[in-house]
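Student: Mind looking at a prediction? Sequence and model below.
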Amino acid sequence: MALVYRIVPEVEWRVARQSGVFRGSAHDARDGFIHLSAAHQVEGTLSAHYAGRADLVLLSIQVDALAGAGRLEWEPSRGGDRFPHLYGEIPVTAVVGAAPLPLSPEGKHLLPEL
C-alpha cells in the first residue's frame, strides 16, 4: 500500500473527522493544493514548518484511496525534491493512520515508524 503523509494540528484533524473531508489549511488554500510528504520527507517538513509545535498529528494517507478526490502531482519543492501535492480534498476514509507527534524533552518531534 503506497502512502503519503500530512502533518496537521489536532484541531484541523478533529474538524476533518466531523466533516468527512480534509480541505487543507490556509497555507494550502493560498497555494492551490494540499501539501503532502513522502515518508523520507516528513522529518524535514516537521523541522522546516512545525518546529516546537506540540499539537500535531501525522496522517497516513493511502494513495489509491485518493482516486476521485483530486489530482495527485509529484512536483519539485524544497531543495528540488519532488513532493506530493493534492489538487483536491482528502476524504477521511483515505486516512489509514493518525499518530500524535509529541515532543521529546529536547523539543524534537517523536515520529512513529513510517
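Tutor: In hand now; what should we look at?
Student: what ranges do the helices span in the chain?
Tutor: For the chain, the helices defined by DSSP state H occupy 10-19, 26-31, 42-49.
Student: contacting residues around D81?
Tutor: Q41 (C-beta atoms under 8 Å, 6 or more residues apart in numbering). Backbone N, C-alpha and C define where each C-beta goes, glycine included.
Student: ok, 10 Å please
Tutor: The contact partners of D81, taken as C-beta atoms under 10 Å, 6 or more residues apart in numbering, are S37, A38, H40, Q41, G44, W74, E75.
Student: From these, pick the one nearest G97.
Tutor: Nearest to G97 among these, counting by C-beta to C-beta, is S37 at 13.9 Å.
Student: Hmm, the closest one is touching V4, no?
Tutor: Yes. If you go by C-beta atoms under 10 Å, S37 and V4 touch, sitting 6.7 Å apart.
Student: which one of those two has more residues nearby?
Tutor: Each of S37 and V4 has its neighbours counted (other C-beta atoms under 10 Å); V4 has more, 25 against 22.
Student: returning to what we had before: is it possible to get a markdown table of the helices of the chain that adds mean pLDDT, mean neighbour count and distance to S60?
Tutor: As requested, these are arranged in a markdown table below (pLDDT from 0 to 100; neighbours: other C-beta atoms under 10 Å; distance: least, C-beta to C-beta, whole Å):
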| stretch | mean pLDDT | mean neighbour count | distance to S60 |
| --- | --- | --- | --- |
| helix 10-19 | 97 | 14 | 12 |
| helix 26-31 | 93 | 11 | 18 |
| helix 42-49 | 94 | 15 | 10 |
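Student: re the thing from before, separate out the buried members of the contacts of D81.
Tutor: Among the contacts of D81, those buried by neighbour count (16 or more other C-beta atoms under 10 Å) are S37, A38, Q41.
Student: Of the contacts of D81, which belong to strands?
Tutor: W74, E75 (DSSP state E).
Student: Can you give me every residue that contacts the residue sitting nearest the centre point of the chain?
Tutor: Nearest residue to the geometric centre of the chain (C-alpha atoms, centre = their mean): R6, 0.7 Å. By C-beta under 10 Å, 6+ apart, the contact list for R6 reads 12-13, 16, 22, 24-25, 28, 34-37, 42, 45, 57-61, 84, 86, 90, 95, 98.
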